[in-house]
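Participant: Predicted structure and sequence below. I'll ask about it afterward.
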Amino acid sequence: MYIQIQRENVWQVYTEQIAKDGLLRGGGNTSSAKMFKSNNGEESVRPADFKIVFDAASGEHIVYPDATKGLSFSSNLQRLRDIPIPGRVWLLPRGSELPDGLTINYKTIDHPLINVSRKMKMSDLVAKLKELEAMMKDTGVKI
Amino acid sequence: MSQPIAFPDSVKSDLLKLATSGGYVRAKEILARGKPDELVLESAEEAQVVVNVARVEMMKTILQFPFWDEDDPRHDAAHEERFHDIVNGLFEKTVSYVGQEFEVVTKI
């Protein structure tokens, strides 16, 4: 069963015992945690991470909440090493506040998934992911 | 006893395409089961077969796009883009979702 955490409760669930410094994301490079794609100025998110539906009427891609999906994070570095997820590891520091409209889903607590808590345009989600990215720090660890 | 597990539909579809084009007979059978957004796995052995498709694809990606690492003097941005697409997409999702349910080997 998947559990959803409201953004204001993230650090009550991900305590220091579970996620010492915060939540980690692997597979990045020195400039970003690679949470969205950018091709010739066109920014998008992956269907592996989000439920995306094209709305023909508005010509927009709309992202819907889905408790089983999300951008993969990890509660600990060892999990990223064990899989392994090659690339730079980024940290969402403990105490960071998720942008409004984002939430965390998880089935096993070591694999938090950041997703939308309400439907929104893909362009709005990318803007929120940029906000989130600005809070994140390069750990200097490379797998 | 099999129990469906939630799984991203786009990743399942990509895995099935790889299994079909590669002639991975057992993987094709397993991935043909269930709804588009679920995996129906009957044993840890079947879970490993599905994870192996992702591992093979990851290894192919390393061979096809060796200059993904920005610290490599021959770094190529196109290699990096393709590499991270597989790492953060098909590979990471497959090993994470299946690994939550079964003990599987994920090393590449």
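Facilitator: Cool, got the structure.
Participant: what does chain A have sitting close to chain B?
Facilitator: Proximity of chain A to chain B (CB under 8 Å from any CB of the partner chain) is limited to residues A:2, A:26-27, A:29-30, A:34, A:37, A:46-49, A:68-69, A:72, A:82-87, A:107-108, A:111, A:142. The C-beta positions use only the backbone N, C-alpha and C, and glycine is treated the same way.
Participant: which ones among those are found in strands?
Facilitator: Using DSSP state E, the subset of the residues of chain A next to chain B located in strands is A:26-27, A:37, A:72, A:142.
Participant: Geometric centre of chain B: which residue is closest?
Facilitator: By CA atoms, centre = their mean, chain B has its centre lying nearest to B:A54, at 2.4 Å.
Participant: hang on, isn't that residue packed against B:L90?
Facilitator: Yes. Contact criterion CB atoms under 8 Å: B:A54 and B:L90 qualify, at 5.7 Å.
Participant: Need the residues touching each of the two.
Facilitator: Counting by CB atoms under 8 Å, 6 or more residues apart in numbering or on different chains, the shared contacts of B:A54 and B:L90 are B:L15.
Participant: who touches B:N88 in this structure?
Facilitator: A:27, A:34, A:46, A:48, A:72, A:85.
Participant: hmm, 10 Å instead?
Facilitator: Contacts for B:N88 (CB atoms under 10 Å, 6 or more residues apart in numbering or on different chains) come out as A:25-28, A:33-35, A:37, A:46, A:48-49, A:71-72, A:85, A:87.
Participant: Quick one: which of those residues has the lowest pLDDT value?
Facilitator: Here the lowest pLDDT out of these sits on A:K37, with 90.
Participant: any idea how far that residue lies from B:T61?
Facilitator: In this view, A:K37 and B:T61 are 16 Å apart by CB to CB, to the nearest Å.
Participant: Show me which of the two is the more surrounded one.
Facilitator: B:T61 (21 against 16; other CB atoms under 10 Å in any protein chain shown).
Participant: Fine by me, we can end here.
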